[in-house]
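Trainee: Generate coordinates for the sequence data below:
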Amino acid sequence: MSKYFDELPKDFLAVATPGAGKTTFALSVASELLGRRQIDRVIVVAPTDHLKTQWAEAADRAGIPLDPSFSAGKGRTSGDFVGVAVTYAGVAVNPLAMRIRTERFKTLVILDEVHHAGDALSWGEGVREAFEPAARRLCLTGTPFRSDVNPIPFVSYVEGEDGIPRSAADYAYGYADALADHVVRPVLFLAYSGAMSWRTRAGDEIEARLGEPLTKDLVNQALRTALDPKGSWIPSVLAAADKRLSEVRRHVPDAGGLVIATDQESARAYAKTLRAITGEAATVVLSDDPTSSKKISQFSADDSRWMVAVRMVSEGVDVPRLAVGVWATTTSTPLFFAQAVGRFVRARTRGEVASVFLPSVPNLLGFASELELQRDHVLGKKIRDEDDIFAAEDQLMAQANASESASDDLEGSFEAIGSEASFDHALFDGAQFGHEGEVKVGSEEEMDFLGIPGLLEPDQMRELLHKRQNDRMRQTRSSREATRAAAAEAQARTAAAADDLADVATHEQLAVLRRELNGLVGAWYHRTGQPHGVTHAALRRECGGPAAAVANADQLRKRIDRVRAWASGQTG
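Mentor: Numbers count the residues shown, from 1 in each chain. You can find the predicted model right below:
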């Protein structure tokens, strides 16, 4: 506020992290300017109908009544209103009518999430034409600008050392700043991996682990397999997220959760799964449902557990009680990630912690480790990968909000067969915390993270995560030493009996080897929690041969040696 009124510029760009209070800042500026009679009217431009209504409600509480139902074709509005709230698309329909309205009075124009003025050429041109005569313009954004060749109206650009013009914010307030000021919550990211299997169009069956190094196509197909409502991965992660929500609600009774789905079909399936887990119906928000805005408002005001949405609850939508999120969408752009995670960071009570469940996908984990990556809007330079991403953003929105699955175009290329979830690791403040090896869903190791209290200061969170990881590492070392001792003892017994086996009947030799193998597999289970059948199957894949019951002596010995190698930490 002080910076703005010290300078009183005609144009002002404020870049602030989601949850930092951009709406409050803008309405405070508007109220002060109205009080000083430096403006007579206010026009708010927002990306969506829901957001323009949200702006009107917030403005009304600030004593600035705005008409959210205004349209250029309507022309006039009630004298009770000080201004109007419109969308970028609405401005583009008739920018001349908006220009006439703007220049009739001393008008303050608030351009919320101003990067949307670059979504389409007609939007940018419409905004420039409509609001060029405004007395003052206040541009707001909480999202990194896209790289483009088209300038965003009313944003200043300066030439960088490389000769490329970049946007210049008049005021920037990043996530780190807001976290230090206790304006936003810290975010605990919980990453889940797991075994995936699917069938390609050629009929080949592929098995891969989510979270392991894969090609881009395999990552995409593994992610789609994980998010398939008919598999085991997404129900397991939803159940884990609900456990986390229950823990948070012990300290924050009205805390809510949000599942971000890829398409409407998946959203409805996830809601059905949540009902089976919780016994309570989830609120489903779909953009083509005329009651969507009402549903969001109701969910924001009540204390129900879960809401499932298809991208709609992302940029700018204010539901302060959201504390737990599940990323269940194939959309994985930096723009959408920043928007979506921003729904969980708004602080109400000091010590609240947001928890977001993610698939172990490289780019998502990268975004999570750099929660607030600030970028300037770059002109005249194409950054290929990002341009491809952002150019598809509007198409992804249209696909996601369609009544049919957004993945229909890929249904012919692969078919999900099955999936299993396992806890991978946690990310907090850019650091990774986890346990060695695969962590089963529902295990004590997973509960080390799901059971973290819902009210913790950031330094308390870091200290607790380090302590739990160190405690678990000590337990793991003790278990490893016990396993190695057991393996050494078994090896000694085998060596002592080796000479005797030469004089023993074949069936008795095989029985001895099977008992030894089963004992080692049992020891491996106690160390890792991996089921006996899974371990036997892994040994067969690595060493070859049939099931242990019909394997020959050489095959059994190879498996025994392999288990011992695992226990000693050898991988060759």
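
Trainee: quick one, what contacts the residue most central in space within the chain?
Mentor: Closest to where the C-alpha atoms of the chain average out (Cα atoms, centre = their mean) is Trp327, at 4.3 Å. For Trp327, the contact set (Cβ atoms under 8 Å, 6 or more residues apart in numbering) comprises 260, 340, 356-359, 364. For glycine as for every other residue, the C-beta is placed from the backbone atoms N, C-alpha and C.

Trainee: Specify which member of these is nearest to Thr535.
Mentor: Closest approach to Thr535 among the contacts of Trp327 (Cβ to Cβ): Pro359, at 25.7 Å.

Trainee: Just the pLDDT at that closest one, thanks.
Mentor: Looking at Pro359, its pLDDT reads 96.

Trainee: Make sure it is actually in contact with Arg224.
Mentor: No. Counting by Cβ atoms under 8 Å, Pro359 stays clear of Arg224, with 10.2 Å between them.

Trainee: the more surrounded of these two?
Mentor: For Pro359 and Arg224, the more surrounded residue by other Cβ atoms under 10 Å is Pro359, and the numbers stand at 28 against 20.

Trainee: who does the more buried one bridge with?
Mentor: Beta-bridge partners for Pro359, by DSSP bridges, are Tyr192.

Trainee: Any chance of TSV for the contacts of Trp327, columns secondary structure and distance to Arg128?
Mentor: Below are these laid out as TSV (DSSP: H, G, I helix; E, B strand; the rest coil; distance: Cβ to Cβ, whole Å):
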residue	secondary structure	distance to Arg128
Ile260	strand	33
Ala340	helix	29
Val356	strand	37
Phe357	strand	42
Leu358	strand	39
Pro359	strand	40
Leu364	helix	36
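
Trainee: Could I get the full set of helices for the stretch 101-250 of the chain?
Mentor: For the stretch 101-250 of the chain, the helices defined by DSSP state H, counting those that start in this stretch occupy 121-131, 175-180, 216-226, 233-251.

Trainee: give the contact list for the closest residue to Leu218 other than its chain neighbours.
Mentor: Closest residue in space to Leu218, ignoring its immediate chain neighbours: Ala208 at 5.9 Å, by Cβ to Cβ, 6 or more residues apart in numbering. Each residue near Ala208 by Cβ under 8 Å, 6+ apart is listed here: 195-197, 214, 218, 222.

Trainee: Got phi/psi on Asp424?
Mentor: Per-residue torsions, Asp424: phi -100, psi -70 (degrees, to the nearest 10).

Trainee: Within its local environment, how many residues does it see?
Mentor: Neighbour tally, Asp424, other Cβ under 10 Å: 23.

Trainee: same question, Leu464
Mentor: Using other Cβ under 10 Å, Leu464 has 17 neighbouring residues.

Trainee: part of a strand, is it?
Mentor: No. Secondary structure assignment (DSSP: H, G, I helix; E, B strand; the rest coil) places Leu464 in helix, not in a strand.

Trainee: For the stretch 401-550 of the chain, give me the ranges with low pLDDT.
Mentor: 401-413, 436-437, 473-507 (pLDDT under 70).

Trainee: Fine by me, thanks again.
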